[in-house]
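Q: Have a look at this fold, sequence not included:
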């Protein structure tokens, strides 16, 4: 990146001449930041492997705040992009040093024991290489839809699509927080206690569904009202169906994060990478065809179908890797199908009173079903005890 900065700025991105010097400095600073970011990720991986999520979050929370605050601190003195990037690089460097110190605290004498082991190189490259493939293909499938929309339907359509997308996909922070904990736990359990790994998988699927379904239901039923209140009538008219399709996809995708973490925790990231490579051309073709026929609603439908296919295959892969999971696979599929049917029904109510009544009935039935059908006796006892203390 450092060596190619001049070519990227002038030939590839065609940045105006007045901004080229500023952009070039920003790119070179970004190049310096890459080793810092990668090293920081490695340190975080050590802490997660030892299940010190308290230390991970102690660092992650300030990092999230500083990522937004650092540019604001710069603005009273300069609005240059390279100065902002320099501040962010300083934040990243500080976090890297802090995480290195925390690793030394968890593993005293860590730095004195560092050595090179050639026999670890091949398995690290194999696992890391497949994860890299998956982590490169996934963003292409996530962001390609907006490029297609811009080229086919115009940039105004991009706003009507991206805004609902950014709203509803923020819900994925809920399963995302759980997945960060599950990966090292799956890895450790699958090394010696498969029954424990299967139990973690099944409980995680249930709890993610319990957390996500009410939020997705509210987003689906009140999509038009929320967009009209927050943005405008135009966004409500053009974005309601998009938001409703994407809400169903987010529910499916949130559950799909569990099996993808399980498969990678089992040491088989090659399976997820091959799946994503196979999906990419099919998804792009379906996306193009759906957009030609139904516009941005077709793009949302294509995205939801893609994450649905992805989740189905990943659940089957997980059951293939661990036979114990096949017992509950049909039950999970039936529950998800019923939930999607309810979300489809939630698109029909028109009046506000009707929507409120529909939501109240569904959430009441969902609560009763969850209490008796999804939670174990021990989980019900713990929740009752917690509610009693509250």
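A: That came in fine, so what should we check first? Computed from a predicted structure; not experimentally measured.

Q: now the stretch 1-150 of the chain, which segments are flagged as low pLDDT?
A: 13 (pLDDT under 70).

Q: Could you break this structure into its assigned domains?
A: Domain assignment of the chain by automatic domain parsing yields the ranges 5-113, 121-389.

Q: Can you tell me which of the ones you listed is most buried?
A: Sort those by mean neighbour count, taking mean count of other CB atoms under 10 Å, and domain 121-389 sits at the top with a mean of 17. Just so you know, the C-beta spots here come from the backbone N, C-alpha and C atoms, and that holds for glycine as well.

Q: how far does it stretch from start to finish?
A: End-to-end distance of domain 121-389 (CA to CA, to the nearest Å): 52 Å.

Q: same thing with stretch 345-358?
A: End-to-end span of stretch 345-358 (CA to CA): 9 Å.

Q: what's the closest residue to residue 321 other than its chain neighbours sitting at in phi/psi?
A: Spatial nearest neighbour of residue 321, excluding adjacent residues (CB to CB, 6 or more residues apart in numbering): residue 266 at 5.1 Å. Main-chain dihedrals, residue 266, degrees, to the nearest 10: phi -80, psi 0.

Q: now swap in residue 110 and tell me
A: Here is the backbone geometry of residue 110 (degrees, to the nearest 10): phi -60, psi -50.

Q: ok, now residue 88?
A: Taking degrees, to the nearest 10, you get phi -60, psi -40 for the backbone angles of residue 88.

Q: Then residue 191?
A: Dihedral angles for residue 191 - degrees, to the nearest 10 - are phi -70, psi -20.

Q: if I pick residue 311, what's in contact with it?
A: Contacts for residue 311 (CB atoms under 8 Å, 6 or more residues apart in numbering) come out as 252, 253, 255, 256, 259.

Q: Now the one helix or strand the first one maps to: average pLDDT?
A: Which is residue 252. Secondary-structure element containing residue 252, defined by DSSP states H and E: helix 233-265. Average pLDDT, helix 233-265: 89.

Q: Who are the packing partners of it?
A: Applying 3 or more CB pairs under 8 Å, 6 or more residues apart in numbering; DSSP states H and E, we find helix 233-265 packed against helix 155-169, helix 173-190, helix 194-221, helix 223-230, helix 269-321, helix 326-345.

Q: relative orientation of the fourth one and helix 155-169 in degrees?
A: In this case it means helix 223-230. On the basis of axes from the mean of the first three to the mean of the last three CA atoms, to 10 degrees, helix 223-230 is oriented at 110 degrees to helix 155-169.

Q: ok, now the second one?
A: Angle, helix 173-190 to helix 155-169, by the same axes, to 10 degrees: 60 degrees.

Q: Next, the angle from helix 173-190 to helix 269-321.
A: Put simply, helix 173-190 runs at 70 degrees to helix 269-321, going by the same axes, to 10 degrees.

Q: orientation of helix 173-190 relative to helix 194-221 in degrees?
A: Using the same axes, to 10 degrees: helix 173-190 against helix 194-221 is 170 degrees.

Q: same for helix 173-190, what does it pack against?
A: Looks like helix 173-190 contacts helix 17-49, helix 53-74, helix 194-221, helix 233-265 (3+ CB pairs under 8 Å, 6+ apart).

Q: Out of those helices, the one nearest residue 139 is which?
A: Set against residue 139 and scored by CB to CB, these come closest in helix 233-265, at 14.2 Å.

Q: I'd like the distance from that closest one to the chain centre, please.
A: Using CA atoms, centre = their mean, to the nearest Å, the mean C-alpha position of helix 233-265 is found 10 Å from that of the whole chain.

Q: what's the angle between that helix and helix 155-169?
A: Relative orientation of helix 233-265 versus helix 155-169 (the same axes, to 10 degrees): 50 degrees.

Q: how much does helix 233-265 deviate in direction from helix 326-345?
A: Using the same axes, to 10 degrees, helix 233-265 lies at 180 degrees relative to helix 326-345.

Q: picking up where we left off before, in JSON lines, list the helices and strands packed on helix 173-190 along with distance to residue 99.
A: Below are those laid out as JSON lines (distance: least, CB to CB, whole Å):
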{"stretch": "helix 17-49", "distance to residue 99": "4"}
{"stretch": "helix 53-74", "distance to residue 99": "6"}
{"stretch": "helix 194-221", "distance to residue 99": "26"}
{"stretch": "helix 233-265", "distance to residue 99": "22"}
